[in-house]
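[1] no sequence for this one, just the structure:
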């Protein structure tokens, strides 16, 4: 008996959808627009966030870790440090979560034929498995020379350059960088450490700070606290302007995501809800006939909500297909739409359905 009633209800839902196919198609399109616009907005905002992250990353590092006691004025002028750091300081910083990327370095100002040059040893960039972007490319085939140094000393690829510990070949000459790199000569870290008598030591570590939570009121103090716990023998210089610009841009992108994504869904739900009210008003006489034929309020409610469940399912599939066509990808997290859209359609149709199911059969038939 129950199976017959269920089959009859399903048949009623299908019959009602085919009978009032115009409003059903409009409702499906609205549900599809709501789902599609939400997913497409999610794809756009996610893509924008990824591009923003890469642009911010390519601006450069914003933390410098130096040996404690270093005169920061002298460091800014000539990259001179007092003492050095143990090489495992980079390991400790990486484990602390202080920085998402870091590059261990040794730097010393040397003189070559009367020209001051910044000899820089570059270690492997710690990236957490991502593509390295900050460490200057160096090889064991010779030195990489900055543009200003090459011009001042008349150096080209293949020439010999006199460095502490003996001459080496110029493996590459950089284009103008517009930074301290122009006055630098780069070697692999181990080679530079040996030439500068700094085996197992670092003079500085450049890093890109971790993504601090928006709840942290003072990121600079938070960074200093983490650094003091991980490397107590070091001090940290934070390039505040670059760091805060990154932080504010991330917050802006996240706030846009919170607004844009739900907006399409809310508008779509409101429109579908309006259609649900109109549909129930048009069907009051039908509800009265069903009540007169012995259908209970629950039976009518199930039929009315079944309509919106079907509309939500079809609209979700349609919206997902449109989002995939527009964004050229299917994000794994989008599958929630197959449950959320039917649920939302039933939710906005619930109050109109309750009103229709509760209609007095005598009054409904009189209308």
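    Done, it's in. Owing to the predicted nature of the structure, the values given are computational and were not obtained by experimental measurement. Residues are numbered from 1 along each chain as shown.
[2] Got the domain ranges for this protein?
    2-51+250-366, 63-238 (automatic domain parsing).
[3] least reliable of those going by mean pLDDT?
    Of all those, domain 2-51+250-366 carries the lowest average pLDDT, namely a mean of 72.
[4] Tell me which other helices or strands whichever strand in the chain runs longest touches.
    Identified as the longest strand of the chain according to DSSP state E is strand 99-112. The contact analysis (3 or more C-beta pairs under 8 Å, 6 or more residues apart in numbering; DSSP states H and E) places strand 99-112 against helix 89-96, strand 115-122, helix 189-195, strand 201-202, strand 204-209. No exception for glycine: its C-beta is placed from N, CA and C like everyone else's.
[5] Deepest-packed of these, please.
    strand 204-209 (a mean of 25; mean count of other C-beta atoms under 10 Å).
[6] residue contacts, residue 116?
    For residue 116, the contact set (C-beta atoms under 8 Å, 6 or more residues apart in numbering) comprises 109, 110, 183.
[7] where does the last one sit relative to residue 112, distance-wise?
    Residue 183 is 11 Å from residue 112, where distance means C-beta to C-beta, to the nearest Å.
[8] buried set for the host helix or strand of residue 50?
    Remark: residue 50 resides in helix 21-59, with elements defined by DSSP states H and E. For helix 21-59, the neighbour count (16 or more other C-beta atoms under 10 Å) marks 23-24, 27-46, 49, 56-57 as buried.
[9] follow-up on the earlier one: could you tell me which residues touch both of residue 183 and residue 112?
    residue 149.
[10] thinking again about what came up before, as TSV, the helices and strands packed on strand 99-112 with distance to residue 78 would be great.
    Below are the helices and strands packed on strand 99-112 laid out as TSV (distance: least, C-beta to C-beta, whole Å):
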stretch	distance to residue 78
helix 89-96	22
strand 115-122	8
helix 189-195	17
strand 201-202	17
strand 204-209	13
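[11] Residue 309 is nearest to which of the ones you listed?
    Nearest of the helices and strands packed on strand 99-112 to residue 309, taken as C-beta to C-beta: strand 204-209 at 48.9 Å.
[12] Quick one: distance of the closest one to the chain centre.
    22 Å (C-alpha atoms, centre = their mean, to the nearest Å).
[13] Who are the packing partners of it?
    Under the contact rule (3+ C-beta pairs under 8 Å, 6+ apart), strand 204-209 is packed against strand 63-67, helix 89-96, strand 99-112.
[14] Give me the angle between that strand and strand 63-67.
    150 degrees (axes from the mean of the first three to the mean of the last three C-alpha atoms, to 10 degrees).
[15] Tell me which strands strand 204-209 pairs with, and in which orientation.
    Within its sheet, strand 204-209 is paired with strand 63-67 (antiparallel), strand 99-112 (antiparallel), according to DSSP bridges.
[16] how about residue 123, what does it touch?
    Counting by C-beta under 8 Å, 6+ apart, the residues that residue 123 touches are 90, 103, 104, 105, 135, 188, 189, 202.
[17] let's see it at 7 Å
    If a contact means C-beta atoms under 7 Å, 6 or more residues apart in numbering, then residue 123 has 103, 104, 105, 189 as its contacts.
[18] where do the helices sit along the stretch 251-367 of the chain?
    Along the stretch 251-367 of the chain, counting by DSSP state H, counting those that start in this stretch, helices occupy 284-292, 297-327, 337-357, 361-366.
[19] For residue 162, which of those helices is the nearest?
    helix 297-327 (56.5 Å).
[20] What are the buried residues along that closest one?
    299-320, 322-324, 327.
[21] And for stretch 74-90?
    75, 79, 81, 84, 85, 87, 89, 90.
[22] Which of those sits closest to residue 149?
    Among the buried residues of stretch 74-90, and counting by C-beta to C-beta, the member closest to residue 149 is residue 79, at 14.3 Å.
[23] for that closest one, phi and psi?
    phi 60, psi 40 (degrees, to the nearest 10).
[24] measure the nearest residue to it once chain neighbours are set aside to residue 352 for me?
    With sequence-adjacent residues excluded and distances taken as C-beta to C-beta, 6 or more residues apart in numbering, residue 79 is closest to residue 107, at 4.8 Å. Using C-beta to C-beta, one gets 72 Å for the distance from residue 107 to residue 352.
[25] follow-up on the earlier one: can you lay out the buried residues of stretch 74-90 as a markdown table showing distance to residue 149?
    Listed next are the buried residues of stretch 74-90 as a markdown table, based on distance: C-beta to C-beta, whole Å:
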| residue | distance to residue 149 |
| --- | --- |
| 75 | 20 |
| 79 | 14 |
| 81 | 21 |
| 84 | 24 |
| 85 | 26 |
| 87 | 26 |
| 89 | 28 |
| 90 | 26 |
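[26] of all those residues, which two lie farthest apart?
    75 and 87 (19.4 Å).
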